[in-house]
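> quick one: sequence and predicted model below, then my questions.
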Amino acid sequence: MTKGYVISRVDVKNPEAYAEYVRLGTEAIRKFGGKPLVRGGKHEAMEGTARARNVVLEFDDYETALAYYRSADYQAAKAKRAGAADMEIVVVEGV
């Protein structure tokens, strides 16, 4: 079975509101058995435009990664993020 990954690229605009999103989002990650592989950290854009923060979450499989994102728990966290950050998120199946 291949892993599932949630990859986010983020520019935080309101750190206080974003912190609440992170708190609630972390609870949802745990509920779905997710494992943070990257959360911020040093990075360098080699091509294209980078965002200030990068996050990679690993889940047991692609379906679980999708279920995490679509869950009521994560959607509640996402609502707290509204206006606090510009973000792209993709769910990717591993090899």
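Cool, the structure landed.

> pull out the buried positions in the longest helix along the chain.
Secondary structure assigned by DSSP state H gives helix 15-31 as the longest helix of the chain. Using 16 or more other C-beta atoms under 10 Å as the test for burial, helix 15-31 gives Ala17, Tyr18, Tyr21, Val22, Leu24, Gly25, Ala28, Ile29. In this view, the C-beta of every residue, glycine as well, is placed from N, C-alpha and C.

> now, which of these sits nearest Gly94?
Proximity of those to Gly94 (C-beta to C-beta) peaks at Ile29, which lies at 16.9 Å.

> so how far is Thr49 from the closest one?
27 Å (C-beta to C-beta, to the nearest Å).

> repeat for Ala84
Relative to Thr49, and taking C-beta to C-beta, Ala84 is found at 20 Å.

> who's more crowded, those two?
Of the pair Ala84 and Thr49, Ala84 is the one with more neighbours under other C-beta atoms under 10 Å, namely 19 against 6.
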